[in-house]
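# just to be clear, the model below is a prediction. Sequence and coordinates:
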Amino acid sequence: MNQSAFAAALLDPELPAPDGLLAWNGSDPARRFQVYRNNVVVSLIDALADTYAVTQELVGETFFRAMARLYVFAHPPQSRMLAFYGADFPDFVEGFPPAAGLPYLADVARLEYRRVTAYHAADLAGVGPDAVAAALGDEAHLPQLRVSLHPSLSVLASPFAVVSLWAAHQGLLALAEVLPDSPETALILRHELAVEVIRIPPAASVFINALHAGAPLGDAAAAAMEIAADFDLPGTLGLLLQKSMITALHSPRSTP
């Protein structure tokens, strides 16, 4: 039996059961294949529902599962790791016409998927207080200091209230008080064993993204100050250090 034909028929309800199927008990192979196909699809929809729990709550289970079923047929898994299945589901949601009335839905889904990747990211220890004190005390080289950030850390800037919408579905805010069209920026990270979602100012996201891209501290701060002249550099660095998100310091003096 051709494996490609089997896989294609498995995720296309319009295709018949592949040729060559046999049933050990003499039952109809095509009927058993339909049951197997349904079980596979339901399992993939369940995996999406686990990852995108808030997205499902926002549209309701019936709508979500119908949308997810269409996604499953169009985007079969490419890996055995179902924890990461649905990486492009937010893009699918964004282009799904029946969901057009909820323009924030795709960004909420993006936040949820970032939480998954943060949870499974590699574990690295944050820099110690002595190394931080030495770097901060070297004022002459401080603007050229580069840092490595924790693999779990990411930033999501949205024109919608994604942090508040997510928090409301964790019981941290009243949903009725959330204004969905209010722009918010989320900092997603794993601190110790917990994945956290923290609302940060847009300037802080510019600073963190610049550090992520390898910019030195001075250039990253300058980019943030172009967004907000009152950018809180000490507060943002303090948050990253408190959450153990700075994993290495690269002083220009140590560069050959």
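The structure has been received and is ready for your questions.
# so residue 185: helix, strand or coil?
strand (DSSP: H, G, I helix; E, B strand; the rest coil).
# thought it was touching residue 158?
Yes: counting by C-beta atoms under 8 Å, residue 185 does reach residue 158; the two are 7.1 Å apart. Just so you know, the C-beta spots here come from the backbone N, C-alpha and C atoms, and that holds for glycine as well.
# pull the contacting residues for the spatially most central residue of the chain.
Centroid check for the chain by C-alpha atoms, centre = their mean gives residue 114 as the closest residue, at 1.4 Å. By C-beta atoms under 8 Å, 6 or more residues apart in numbering, the contact set of residue 114 is 154, 156, 186, 188.
# after the helix or strand where it lies, which helix or strand is next?
Taking DSSP states H and E as the criterion, residue 114 maps to helix 105-120. Once the chain leaves helix 105-120, the next helix or strand it forms, by DSSP H and E, is helix 129-137.
# got the contact list for that following helix?
By C-beta under 8 Å, 6+ apart, helix 129-137 touches 142, 145, 241, 246, 249, 251.
# just curious, which of those is nearest to residue 199?
Comparing these against residue 199 with C-beta to C-beta places residue 241 closest, at 18.6 Å.
# which pLDDT value goes with that closest one?
Reported pLDDT at residue 241 in the predicted model: 93.
# that one - that's part of a strand, no?
No: under three-state DSSP, residue 241 sits outside any strand and is assigned helix.
# that older thread, export the helix holding residue 114 as PDB, just CAs?
C-alpha atoms of helix 105-120 as PDB (Å, rounded to 0.1, in the frame of the first residue of the first chain):
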ATOM      1  CA  LEU A 105      -8.800  36.500  17.800                       C
ATOM      2  CA  ALA A 106      -5.700  35.700  15.700                       C
ATOM      3  CA  ASP A 107      -3.400  37.700  18.100                       C
ATOM      4  CA  VAL A 108      -4.900  36.000  21.100                       C
ATOM      5  CA  ALA A 109      -4.000  32.700  19.400                       C
ATOM      6  CA  ARG A 110      -0.500  33.900  18.700                       C
ATOM      7  CA  LEU A 111      -0.100  34.700  22.400                       C
ATOM      8  CA  GLU A 112      -1.300  31.200  23.300                       C
ATOM      9  CA  TYR A 113       1.100  29.500  20.900                       C
ATOM     10  CA  ARG A 114       4.000  31.600  22.300                       C
ATOM     11  CA  ARG A 115       3.200  30.300  25.700                       C
ATOM     12  CA  VAL A 116       3.600  26.800  24.400                       C
ATOM     13  CA  THR A 117       7.000  27.500  22.800                       C
ATOM     14  CA  ALA A 118       8.000  29.300  26.000                       C
ATOM     15  CA  TYR A 119       7.100  26.200  28.100                       C
ATOM     16  CA  HIS A 120       9.100  23.900  25.900                       C
END
